[in-house]
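> Take this sequence and fold it.
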Amino acid sequence: MTFRQSAERAAIASGALLRAQAIAFAAVAAFSSPALAAGEWPTAVIPKQTIYPGATLEAEMLEVVDVTNPDITDGYVRSLEEVEGKVTKRTLLPGRVILPSALREQYAVERGSKALLVFSNGGLTITAAGSPLEDAAVGDLIRARNVDTGVIVSGTVMADGTIHVVAK
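Below you'll find the predicted structure:
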């Protein structure tokens, strides 16, 4: 003979199971993340639309959401300040977290454009017209060609777009 649990008894048992699962999740969350223990969810930045490589990110293209999936791995962008003004290196899909490796700083100089080459040593400063041989952001060490002599030099890109040449 088989027995069936009454509907009332089944509801009580399933409610107890749900409470036990909630308590277990809260305990795991308390040990793994202080923010989750306080009832705060971590946040993530996701695109509202498809964003293609080379696009400059702006706040209206993005959305900040709570991360409710406890299995998601760390390493994604958590705030708008981390991404605003950066340029995408690959396609960003709506609803997916943004990884920092998918972004880069804007280029201060671009390959083939004109840039001022500056060499300083003590009180001596020499300037010349140059052409970068590669795209680069501020602080990058790049090669550039002196347009008058054709000599290729190495230098650091500065915020104003000049290239400070290093001595050999």
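> Next one: the spatially closest residue to Ala137 that is not a sequence neighbour from Glu84, what distance?
Nearest residue to Ala137 in three dimensions, chain neighbours excluded: Glu105, at 4.0 Å (CB to CB, 6 or more residues apart in numbering). C-beta here means a position set from N, CA and C on the backbone, and glycine is covered the same way. Distance, Glu105 to Glu84, using CB to CB, to the nearest Å: 12 Å.
> residues contacting the residue nearest to Ala137?
Taking CB atoms under 8 Å, 6 or more residues apart in numbering, we find Glu105 in contact with Lys86, Val87, Ala137, Val138.
> what about Leu124, how many residues close to it?
Applying other CB atoms under 10 Å, we find 7 residues neighbouring Leu124.
> Name the helix or strand of the chain that has the lowest mean pLDDT.
helix 34-37 (a mean of 48; mean pLDDT, DSSP states H and E).
> what's the following helix or strand after that helix?
Using DSSP states H and E, the helix or strand that follows helix 34-37 towards the C-terminus is strand 43-47.
> Give me the contact list for the strand ranked longest in the chain.
Identified as the longest strand of the chain according to DSSP state E is strand 124-132. Here strand 124-132 makes contact (CB under 8 Å, 6+ apart) with 109-120, 142-149, 153, 157, 163.
> Now, those residues that are in strands?
115-120, 142-146, 153, 157, 163.
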